[in-house]
Each structure stands twice: as C-alpha cells, then as structure tokens.
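> compute the structure for the input listed below.
(chains A, B, C and D)
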There are 4 protein chains.
Amino acid sequence: MPASYAYLGPEGTFTEVALRTLPEAATRQLIPYVSVQSALDAVRNGEAEAAFVPIENSVEGGITTTLDELVAGTPLMIYREVLLSITFALLVRPGTKLSDIKTVSAHPAAQPQVRNWLKAHLPEAVWESAASNADAARLVQEGRYDAAFAGEFAATRYGLTALETGIHDAENAQTRFVLVGRPARPAAPTGADKTSVVLWQRDDHPGGLRDLLGEFATRGVNLMLLQSRPTGAGIGNYCFCIDAEGHISDRRMAEALMGLKRICREVRFLGSYPRAEVSAADVAVPLPGTSDLEFVAASDWVARCQDGRF
Amino acid sequence: MPASYAYLGPEGTFTEVALRTLPEAATRQLIPYVSVQSALDAVRNGEAEAAFVPIENSVEGGITTTLDELVAGTPLMIYREVLLSITFALLVRPGTKLSDIKTVSAHPAAQPQVRNWLKAHLPEAVWESAASNADAARLVQEGRYDAAFAGEFAATRYGLTALETGIHDAENAQTRFVLVGRPARPAAPTGADKTSVVLWQRDDHPGGLRDLLGEFATRGVNLMLLQSRPTGAGIGNYCFCIDAEGHISDRRMAEALMGLKRICREVRFLGSYPRAEVSAADVAVPLPGTSDLEFVAASDWVARCQDGRF
Amino acid sequence: MPASYAYLGPEGTFTEVALRTLPEAATRQLIPYVSVQSALDAVRNGEAEAAFVPIENSVEGGITTTLDELVAGTPLMIYREVLLSITFALLVRPGTKLSDIKTVSAHPAAQPQVRNWLKAHLPEAVWESAASNADAARLVQEGRYDAAFAGEFAATRYGLTALETGIHDAENAQTRFVLVGRPARPAAPTGADKTSVVLWQRDDHPGGLRDLLGEFATRGVNLMLLQSRPTGAGIGNYCFCIDAEGHISDRRMAEALMGLKRICREVRFLGSYPRAEVSAADVAVPLPGTSDLEFVAASDWVARCQDGRF
Amino acid sequence: MPASYAYLGPEGTFTEVALRTLPEAATRQLIPYVSVQSALDAVRNGEAEAAFVPIENSVEGGITTTLDELVAGTPLMIYREVLLSITFALLVRPGTKLSDIKTVSAHPAAQPQVRNWLKAHLPEAVWESAASNADAARLVQEGRYDAAFAGEFAATRYGLTALETGIHDAENAQTRFVLVGRPARPAAPTGADKTSVVLWQRDDHPGGLRDLLGEFATRGVNLMLLQSRPTGAGIGNYCFCIDAEGHISDRRMAEALMGLKRICREVRFLGSYPRAEVSAADVAVPLPGTSDLEFVAASDWVARCQDGRF
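Residues are numbered from 1 along each chain as shown, chains lettered A, B, ... in the order given. This is a model prediction of the structure:
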C-alpha cells in the first residue's frame, strides 16, 4: 500500500492545514486532488492509503459532496476527524491598500463567512468566485483580482500580504474534516468516540423515522448529526447520515446498530473514531442502565436465567 | 428429590382435574395442600418437586395470592401452564329437587360465575361460602346445605347427583394453572411459548412505565398479561407481573429482558414454558426484523464491522 | 335526592371511620350495606346520593370488587378519596389474657396484615374467617371466638377490650376509599388532583399498551395506578384501570384523554378529584412544555398561524 | 402591493418554466433576480408580491440557500409548490456536430445530472461552469464554449439548436420549487396538502430528536422531508426543516404543531399548501383515530366529561 494521503487540493488551503495537524501526516506523502470525488477514488482504486476531505462546517452543515461519496459506491470508512477553526485573511499584493480594492475573490463557500465583513469594509467590491481560496490567491498574485480571502498561511506561498486577519462573520466558525480509508478494524475506543452510519428506511409510514431514532434512544445513545441525503430514487426519497456518540465496541452502540440493521432496508457502517478536540473527561456519563458494565451484567443475568441458575 | 407434586386442595376440585391433564402427573404422588402458600412452601423446603396452583382466571384476573407468592420470597419458576374451561354442576343429595333447595354453597370465587344462573333459577336460595367447592360438596353430603356448585367430577366422590351441569355465567370461563418448581433450565422452546417476569421500576416519572413496556415493543415482543401488585412499600407502590409471548431463548425476548434488567430496579425471571392449548402453527409470525435469523444476521454484521470486514 | 351515603358495612369498620373523616358525612345519613355491589347499586337506583367503598390498599392492591363495579354497568363517578392508615387492635372479652386465646377471627383481608404478629405472639391460635372485622368482634362478644382483629374503635360497640393496639405487619399499611356518585361536573381542580379512567384496547399487538401509555407520557402526565381487570371476553382479555396525576381541566390531561379516546376501543371516565393528604405545594412541577400556560400559548400560536398572523 | 413575482433568474431557466405552470403567474409581472437571497429580499422589502425559488431536487436534496433564507430573517411563508421533471438538452450553434464539441458548460448543479451521459458521449469534453444554464447558452451563442446543457426551451432565445434532448442520468430527476410570500392566511385545505416548519431543539440529549418526531407520530402525521441546517451557533448545532403531510387546519397537524411548540425552543411555521401533482384521491387514509371526525368526537367527549354529562 502506498504511503500516501490524498486530500482535497489545491495546496495551501484549510484542508491541507487541517491534514497537517494529524501526526501520521508527517510520515506520508500528501497529494492534492481536484475534487472530493477524485480524492476518494484514489483510495478506492488503491492509489492512496487514505483521503482527507471536509465533511461538515458550521455555516453550510454537512458537505453534501463528501456525504454522497460515502453513501454510495464501494464502502469506505472514516478513520479520524479533525476540527479546524476557520478565519480568513484578506490577501493582497504588497502595497495594495484597502481603498484600492475593486475586486475580491475566494471559493464560493467562503462568501457566506465574510459577507458581513465585506458589507462593512468593502461595500463596493465585486465578488469573483474562484475554484478554491488558494486559487483566488494565485489570481491575485497574477493581477487578475485585487484581493483574496484565504487562510493567512497562503500569503507566503503566493507572495502576498495579509491586509487583515481573523475575518469571520460567525462566531465559532469551524470545519470538520475526515480521514477516509478502506474498511478496516476501527481504532480502539478512547472513551470519547463517534460512530457514523447511513440508514435507509424500509418503507415510509407515520412514526417510521421516529422508530429508527428510537433504536438509539432506547439504548441511551446520543445523536450528534442527522443529515438526510437523496437516495437517487426520485424526489422525497432520502437516506440518513447519522453521527452518534460512542464507539461500535460500546455495548449500547453495538445493540443500537443491530436494532437498526434489523429494521432498516440497509445500514452502511462508516466507522468509529475518536472525537476531535474532546477528551474522555468531557464526555457525558452514560445514562443509568447503558454502561458497558450494566450491559454485561444484564447479559450474564439472562444467560443464568437461560441456564436455570438464578 | 421426592417424586411428588403439591397442589391446592382439597381433592376433587378443578385444580386436581387440571393437574391430571399433565402427562407427568401420572408418575408423581399428588398431595393436596390447604393453601397456595403452603403448596409453594412445600416446593421451597424440598417436600415437593413442584406445586400446581391457579394463577389467572377469566372472571377474577390474576390470582393475587399466587402472584404475591411468586413475586416475593425464595425464587421459584413456572414449568408449565394448563388452561381449564370452568363450568359448574349443581350437586345435591340423590332425590333432592330444584324446588327443595334453600341453601347453596361453594367457594366465594364461584359466586360471580353462577350469579346469573342463581338469579334465574334459585332466586330465593341463601348463599353459604365454603373453603372450597369440594368442601361445599362434602357439607351437602353431610346435610348442612342443600346444594353445592362444584365440578361435575366431584359428584361421585361425595355420593351426590348433578341436578344440572354446564352452569357458567360467562362464555369462555377458563382458569389458568401453573406448575411451579425451583429454578432450573427452562423447557426447550416449542415455538409457542410464554415468558413470565416481575418488574420493579427504579423510580416513578412520566413515561416510566411506558419506557419499560418499550423494551418489549422495540423488539417486537407482544404482552399477554400485565398485572400490578403492591410492593409492600406503601400504597401506590407497585411491581408488575408480566407474561410476554416467546421464550427466553428467542433472541428478541433475551434482548428485551436484558434491556429491562438494565433499566429496572429489579427483574425477577419466572420462567419460559409452552403456551397451553396453542400450537406453533397458531402463533403470529414475528414482526419484520425480530426473528432469530434477523437477530443473528444483525449480530454477525456488527461483529464484521467491529472487525473491519464489511 | 336523598341526603344519604351508602357505605360498605357493617358499622364499626375502617370504612365507616374513613367515611366520617369527610366533612360532608356529618350532614348525611350514613347507611351500611352488605357489599360493595349493593352500596353502589343504591347509588345507581337513587336510594343513596353516593357510596363510600374501599378501592385500593397497600397489601392487596386494587380492590377488584370495587374496580369491577366501576368498570361495568351504568357509569358512576368518583367524587372524593380518603386515605386511612390501618392498624389493628386485638379485641377480647374483658378478663381474657393472651395465653387464653385459642381462636382468632377477622375478615380474610386482615390476615396478611397480622400474620407476622400472630406467628410471634399466638403461634398456636386457630384462624377463623368472619364476614367483616366488626362481625368478628361480635362473634367474640357472643363467645364464639376468643379474640378478634379489628379497629380499636370497635371495642366499645361490642363491649370488648383491646389487649394490644397498633398491630400491623407492613409499615405504612393504608387503605384508600372513594366516595362514588352519579356522573356530575367534577370538583374544581385544587392543584393536587387525580383522574381515573378505564381503557379498553382496540386490538392486541406488540407495542399496543406502550402506545396507550404514550398518550399520557407525551403530555407529561404521570401515572399513579395501573390495574388490569378481565373484560369478561375470555382469559387474557383485560381492560386497564388507570389513575393519573392531574385534573381533567388541566390541558395536558384533557389532551391525553382525547388521545386515548381516539385510539382506544372505549374509554370510561371515572372522575377527577382532590388527592387525599396531598397539598398543591407537594405536587411536582409540570415537566417543561406541559403547563396550562404553555398549552394555551401553543394553542394561540397555532391559531395565529392558521390565521396568517405570525 | 405590486403585482409582480420575483424569481431566481436569469430568464430561460427551469425556474422560469416551472413558474409559468402556475395559473396566477399569467397575471403577474415576472422579474428575474440574480440569487435566491435577492428574490426573497424583494418579497421582504415589498418590491415583489412573492418569489419563486427552487427548494429541493432529487439529486441534491434540499436547496440549502433557500432553506437557510426561510429559516432566518423576517418570517416568510410558502404559498404553493411546483414539481418539474428535469431533462437537459445539449444546445449548440447551428451546424455544430457532436464531434466538434471540445467544451461544454452549464450551472454546476447540472453536472451530477449529466455526468454519465458526458462520459459515454463526450468523454474528452472540458467542463466549464457557468452562473446558470441560461448563461451557458448565452456563452455558446457568443462562441465562448461549444455546447451548453440547458432546458430545451432555451434554444430559441439564444439562437441555438438542440443536438440531443431528454438527457438525464437519474430516472425521475425532479426539482421542487416554491412560491414564497409574506405571512398570510394559508390556502384552504385541498385534502392533499403539506405543512412546512422549522424546529429548534431546547437541548440535546439521548432521545431528544426522537421525541420531537414523536409529536408527529403520536398524532399519525407522516413526514415527507427532514433536512437539518446549521443554526450558526457552532459546528454540530442544527435546526430541522420538516415537511409533513397534511394542513395546519387538520386537527392532527394542529395538535402536533402545538406539541412541538411546547417542547421546542422555537418553531417557525412556513406554511400549509397543496401538494404538487397529487390529488386528494391519492392521499393515504388517516390512521385509525387521527381523522378530523375522531378528533372532534374525542374533544366533545372530554368536554362532556368536564361537564358531568357522560
């Protein structure tokens, strides 16, 4: 297997910065790809050991391209997640002043995150979408546009200067990235883990989705994300991408997944992995009756009853 | 262990008739006891291998004496159940005519089952309670009362004649009896089984009992009886005697019991045993997703996910 | 309407004592009846304004005779409840010593409440059941038996002496009595009320009873008693007598009852009435979202939405 | 109020075609806007009577721009919906042959819907994103690109020819559009209606979302769409855009909405309106106990109980 990680390029974007926070990235060759799809295909066809792509951000919600790739095609698995706080720098060619700026550029996803800042500081500037924030910086370097919104780290690479840093409309703007590989034994539980699955309902009836979620609730498993995605079978047909708190090796999670497997038309396991920036000490204590010890004790008790020793 | 069965006496009652329908009764010594409590104590202290007592009838519901004995004290287990249709004969000394009858006797439990018949045919007769229907027959034999309501089978024993048979106010009047022994490995599942448990709630809050029952419902297990009984901790404190459809070796039942064990303050297993007068062919097909095969498949799937082979 | 209350006699029982705790009893003629059925019939046929009968005790649970009478026949309604702590006195003819007692008598319901005391103090005494505790006292007076378990208040009436008082096996032994009349507008809510209903399920399926209870739980209504009673349609067919916390004029209770009315085969309303020995100050605060104010606000909001004013 | 409808422009797109299927569009001035946001702002500031924008398609799911606009800011209301089947034509300048095509253009949203067709027929063609399909057609007219994917109806306007029509990767590719206006009394129910709301949870706990959906399920209301959207309060914080079957004037829907209003932190009503391309005859019969008649009967019954007339 090649010791390389694919990632959503180009170089010099937030994705690369987030990827480099992973210790294992230091020992791999990091290869930018032009799209989420091509990065994940690189994993599927064996070109790369894993791919690093954005999956959720606090402004846009779930990144549908990534979710749709994980939902369909050859199964993949999430190995790790990384959370990155997103603030933008306004990059210009050295010497440019704020009042010189007539055109600004960035990836369209950046627009809702700097809209208020633009209104306040550059109300007349024309917005020009670029393929990526890094590409916007390149186009500023080439003189096509006057300024780019990008990570401050991109300034050096493109010979630009940050006229302003820390630009962000929303407090706590963050993007979540995942390292995705081929199915493998999930990382050992850390006590602060997350499990991702995709659920397809068997049929649609009042209470159907409530009952699916009941499989988690009955075992005291908390949901962290529920994102519906079209199944491709026509408008109104959705599957559900779900992140739940806990690890598949937790008894409550395992039993909830078994329950879903039994009542869903299909369940796709997307992995159990450590939650980013959360330590076991911060995780809520399981509800009464849902700890591993209680599961084991209950299982032992039933076994004793089945055996006549009670 | 003594090859004897204790039963709620005296001889010549419906209980004895029901007990004799069990093939295994033919090879045991059958010993009448004066009360449910004494019959069950005979099991608890080793005098008898098992005890045969009524537990539910279609007029009175659960027999509280029996339930309370099973709920408290040294654990016992239900091995078998028997359903007996109950109709009464009006037993008199030979020669007595309906118009001669001034006093009638029977166990108080018989009264609600013959009340309408009495109103219609012997509106003037005085009711005298007896310790059992058999005892009433004996008192008629001795000349104390004019007529007794009892099983027709009691006539011979007490030298009486059945002036009328098939007396019953309610259609489908039946009594359910159970053979109770010390904890042992439950009988193998027959495909038409029943499981009995007692549940004590951890605390009382809106939705508490609903959640207990949800442990059965989530796994598609049907309830057949729910009878609340006082816990002895003061008025308004109840435990719940529950009969559920299925065997503890069924995966859905085992998982439901584990769920209850985890969320209840206490669960007492009272046994899994064949349902009386029901064959496997009459049992409802499990709901989608709740068959043993589906449980096993789901469990295998989770194991494969845990192992990275999906 | 006659200014009289029927009650379960005879005179000199706990029922009479409990009845006399009601202020309104002072202005009515109190007439003992030989059975719960006859006392309630007196209400149904207009002989009495209301009847006072036991409905639940901490040893036996629900009093099935009373429940069955309320469940079937012409509808009645519970107006009030009374809680009475039950302790027995051992009544003897003056001069009798403990060592003289060979026979003891009381109503059978008293037996489980004094069993331990008997074992400890009169292990050899023979138990003789009587029609009521008062009747047992009368039989002691007549010299038939040596001692009676009854309320201490019965001593005077029968010229007996209390050899011992405060006898009770269970801590907190209490009996709950109800004053039952013809349907009428329920008493105004006090803030500490109870509502009684009987529910008949439409059919039997996994989750059926859970869904009934869900009608209460969804609206945050707490259950205080659930007692199953046979419907008379054969063994295994039950209706459910339920006491729930709150008053039918509470919005959450009214909506829960409407929900039950819609999904049950039948619902019988048995009344809303003040909880005995509980003041509004002791009642739990409604769960978030279930107070009358929140119901009214939600109803107003929907009305505004329906009207386009939001 | 101006007799004009804003719509997501430019002219000659699927949105305009869908809008023109509405009879009321014939009597309004139809004004294209450059974005969903600007079209909706035109309604909010009174420039337009209503705005017509896409809200869901079978490939992308919910259109997040539209949902986010409806979720936040001054409340708006959905008046109508339109479903349009989407198939593309390949538009070229007259004389262009398939083998001449080196570059193709369209709005990025079109790309996933023609990807397979491109692979099969124009594997070498370079994709160039345009601001809209209509804009792509204009750029073909100007000679910038060789071919555009657009609605066949766009050919005439731009002097182009359809080299191929009916192109679509997915069967049943459809887009749903909504006509959005200021809050008003919802259209009268047709028997085949839909209600849209946005829900914000009070807090996050195991079973929280299950309980929200339970408010619909308890009243037999079926869900048609559940789309989570970030609340802007940081990653992992979502509100839920929900389409449910039925009209706010249906009793079951009104009671479900009241329940949600009581337990949610906030509920935003987005309107009740006729379902597109569905007649009342195709709508599922309400579950037992959930019809308006049953709600009214249950409400009457509770009123009679409250009044003592039962």
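> interface residues of the stretch 51-200 of chain A facing chain B?
Proximity of the stretch 51-200 of chain A to chain B (Cβ under 8 Å from any Cβ of the partner chain) is limited to residues A:75, A:77, A:183, A:184, A:185, A:186. Every residue, glycine included, has its C-beta placed from N, CA and C.
> surely the fifth one and residue B:304 touch.
No. In this structure residue A:185 lies outside contact range of residue B:304 using Cβ atoms under 8 Å: 10.4 Å.
> which residues of the stretch 101-250 of chain A fall in helices?
Using DSSP state H, counting those that start in this stretch, the helices of the stretch 101-250 of chain A run over A:111-121, A:133-141, A:154-157, A:208-218.
> strands of the stretch 151-300 of chain A, start to end?
Listed in chain order, the strands of the stretch 151-300 of chain A (DSSP state E, counting those that start in this stretch) span A:161-167, A:174-181, A:193-200, A:223-230, A:238-245, A:266-274.
> kindly reformat those as a markdown table containing distance to chain D, mean pLDDT and mean neighbour count.
Output for the strands of the stretch 151-300 of chain A, formatted as a markdown table (distance: least, Cβ to the nearest Cβ, whole Å; pLDDT from 0 to 100; neighbours: other Cβ atoms under 10 Å in any protein chain shown):
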| stretch | distance to chain D | mean pLDDT | mean neighbour count |
| --- | --- | --- | --- |
| strand A:161-167 | 16 | 95 | 16 |
| strand A:174-181 | 4 | 96 | 24 |
| strand A:193-200 | 10 | 97 | 22 |
| strand A:223-230 | 5 | 94 | 22 |
| strand A:238-245 | 7 | 96 | 24 |
| strand A:266-274 | 15 | 98 | 22 |
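> dump those strands into JSON lines; add distance to residue C:237 as well.
Below are the strands of the stretch 151-300 of chain A laid out as JSON lines (distance: least, Cβ to Cβ, whole Å):
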{"stretch": "strand A:161-167", "distance to residue C:237": "71"}
{"stretch": "strand A:174-181", "distance to residue C:237": "55"}
{"stretch": "strand A:193-200", "distance to residue C:237": "38"}
{"stretch": "strand A:223-230", "distance to residue C:237": "40"}
{"stretch": "strand A:238-245", "distance to residue C:237": "40"}
{"stretch": "strand A:266-274", "distance to residue C:237": "39"}
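> for chain B, what's the nearest residue on the stretch 1-150 of chain A?
Here the residue of the stretch 1-150 of chain A nearest chain B is residue A:75; by Cβ to the nearest Cβ that distance is 6.3 Å.
> where does the prediction get shaky in chain A?
A:1-2 (pLDDT under 70).
> ok and the residue in the stretch 1-150 of chain A nearest chain C?
residue A:61 (25.3 Å).
> state the number of residues packed around that residue.
23 (other Cβ atoms under 10 Å in any protein chain shown).
> show me the contacts for it.
Neighbouring residues of residue A:61 by Cβ atoms under 8 Å, 6 or more residues apart in numbering or on different chains: A:227, D:64, D:228, D:229, D:230, D:238.
> could you list the domains of chain A?
What automatic domain parsing lists as the domains of chain A is A:1-85+A:173-184, A:88-167, A:186-310.
> find the nearest non-adjacent residue to the residue in the stretch 101-250 of chain A that chain B sits nearest to, please.
Nearest residue of the stretch 101-250 of chain A to chain B, counting by Cβ to the nearest Cβ: residue A:185, 3.7 Å away. Among residues not flanking residue A:185 along the chain, residue B:308 sits closest, at 3.7 Å (Cβ to Cβ, 6 or more residues apart in numbering or on different chains).
> surely the one you found meets residue A:186?
Yes. Between residue B:308 and residue A:186 there is a contact under Cβ under 8 Å: 6.9 Å.
> of these two, which one has the most company?
In this view residue B:308 and residue A:186 are compared by other Cβ under 10 Å, and residue A:186 has more residues nearby, 22 against 14.
> any idea what residue A:89 is bridged to?
Assessed by DSSP bridges, residue A:89 has beta-bridge partners residue A:150.
> what about it, neighbour count?
Neighbour count of residue A:89, defined by other Cβ under 10 Å: 24.
> hmm, back to that, may I ask which two of the contacts of residue A:61 are separated the most?
Farthest pair in the contacts of residue A:61 (Cβ to Cβ) is D:64 and D:238. Separation: 12.1 Å.
> need the max-distance pair from the residues of the stretch 51-200 of chain A next to chain B.
Most distant of these, by Cβ to Cβ, are A:75 and A:185, 14.2 Å apart.
> contacting residues for residue A:6?
Counted by Cβ under 8 Å, 6+ apart, residue A:6 has contacts A:31-33, A:38-40, A:42-43, A:47-48, A:50-52.
> out of these, which comes closest to chain D?
residue A:38 (12.9 Å).
> what about the closest one, which helix or strand?
Counting by DSSP states H and E, the element that carries residue A:38 is helix A:36-44.
> other residues contacting the helix or strand just after that helix?
The helix or strand immediately downstream of helix A:36-44 is strand A:50-57, counting by DSSP H and E. For strand A:50-57, the surrounding residues in contact (Cβ under 8 Å, 6+ apart) are A:5-8, A:14-15, A:18-19, A:22, A:25, A:33, A:36, A:39-40, A:42-43, A:62-63, A:66-67, A:79, A:81-82, A:86, A:109, A:173-181, A:225, D:230, D:235.
> ok, stretch A:186-193 next?
By Cβ under 8 Å, 6+ apart, the surrounding residues in contact with stretch A:186-193 are A:77, A:79-80, A:245-250, A:271-275, A:278-280, A:282-283, B:305-306, B:308.
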